[in-house]
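# sequence first, predicted coordinates after that:
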Amino acid sequence: MVLNIITEDFENFYDIQDDLGSGQFAVVKRVRELNTGHEFAAKFVRKKKCVAGRRGLKREEILREADILSELAPHRNIITLHDIFENKHEIILVLELVGGGELFHYIAEKDTLSEEEAAKFILQILEGVHHMHEKNIVHLDLKPENVMLLEKNKTQIKIIDFGISRKLQPNEPTKETFGTPEFVAPEVIAFEPVTLATDMWSIGVITYILLSGASPFLGNTNQETFNNITQVDYRFDEEFFANTSDLAKDFIQQLFVKNPRQRATVVDCLNHPWIKPRRRKDEEE
Ligand SMILES: COc1cc(-c2ccc3ncc(-c4cccc([C@@H](O)NCCN(C)C)c4)n3n2)ccc1O
């Protein structure tokens, strides 16, 4: 994918406004494009100063996210990349702005969702992930914090943060990435190759949380969490799942399968009876 990287001064084209959030090597700011007045989210990512440097990311790692976002655009449930800037110290990804906040906060405010509402969110995540997986792209960090609502109190979602996503190459096992402990699949903990199925495990965790407000494998420490995941040690506590349908529990159970080759694929999930009746006719294949 050929990227058009602009090396002129970012502030000749955009007015920087408020901070939206920050991570280890990146900060996301709201910006306004000078010649259109349109607002965007700009992700400023610090570049490593030298090979041995501990701060910042390698240039090719940052551009990998831009490459993948460019290949995936456009899709209604995946964030769109608008511009890329580079200067001596950082790379700036200018992205479609979403104003509805993280799904994580939406759940926190509501504690749990109805099955109908949860399934609507999961269907959209599946449609975005289906688009990725058709291109052999795996996200590797799917979690409620990386699913954002397009607008407040509207249910359309966008998947963000492709910072550790990968385009899988046949016969080239990918092992080196690690997502967020609570959401990672057993193969990630075992440092075995990641595949498209790795995302499907995370979708199971997200579904479990949307329906119950509880996290299926979370322990008091990361090691406890890893042990629970490796042993696929979870349960549908009556306290949280008394009113959850068997179909919804079956959907989750088909994703919490240790062997990635036996885990439900994104197409299996889109055709699962808990999801399929909620799809629009034009989306069925
Ligand atoms: C943080 O990394 C990305 C953020 C975005 C993105 C795109 C549009 C957009 N509109 C609003 C926001 C936003 C608003 C508040 C916080 C954040 C971000 O810092 N936190 C997101 C989740 N976090 C766990 C990475 C991002 N975003 N973030 C896209 C790709 C990324 O790799």
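Done, it's in. Numbering: from 1, shown residues only.
# does any bit of the helix-or-strand element of the chain with minimal mean pLDDT sit next to the ligand?
None of the helices or strands of the chain scores lower by mean pLDDT, DSSP states H and E than helix 103-110, at a mean of 90. No. Against the ligand, helix 103-110 shows no contacts by Cβ under 6 Å from any ligand atom, the least distance being 7.9 Å. Using the backbone N, CA and C atoms, a C-beta is placed for each residue, glycine as well.
# could you list the residues in contact with that helix?
100, 113, 121, 143-145, 147-149, 157, 209-210, 213 (Cβ atoms under 8 Å, 6 or more residues apart in numbering).
# other SSEs contacting whichever strand or helix holds Asp19?
Assigned by DSSP states H and E, Asp19 belongs to strand 14-22. Taking 3 or more Cβ pairs under 8 Å, 6 or more residues apart in numbering; DSSP states H and E as contact, the helices and strands that strand 14-22 lies on are strand 26-33, strand 39-46.
# possible to save the ones you listed as JSON lines with distance to the ligand and mean neighbour count?
Formatted as JSON lines, the helices and strands packed on strand 14-22 follow (distance: least, Cβ to the nearest ligand atom, whole Å; neighbours: other Cβ atoms under 10 Å):
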{"stretch": "strand 26-33", "distance to the ligand": "4", "mean neighbour count": "18"}
{"stretch": "strand 39-46", "distance to the ligand": "3", "mean neighbour count": "21"}
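# avg pLDDT for stretch 225-238?
Average pLDDT, stretch 225-238: 98.
# where does the stretch 101-250 of the chain come near the ligand, residue by residue?
Counting by Cβ under 6 Å from any ligand atom, the residues of the stretch 101-250 of the chain near the ligand are 102, 145-146, 160-163.
# number of nearby residues for Gln124?
Here the count is done by other Cβ atoms under 10 Å, and Gln124 has 18 residues near it.
# and what about it, helix, strand or coil?
helix (DSSP: H, G, I helix; E, B strand; the rest coil).
# these two touch, right, it and His75?
No. Contact criterion Cβ atoms under 8 Å: Gln124 and His75 do not qualify, at 10.4 Å.
# what segments of the chain are strands?
Taking DSSP state E, the strands of the chain run over residues 5-6, 14-22, 26-33, 39-46, 81-86, 90-96, 137-138, 147-149, 157-159, 166-167.
# for those, which one sits closest to Ile229?
strand 137-138 (17.6 Å; Cβ to Cβ).
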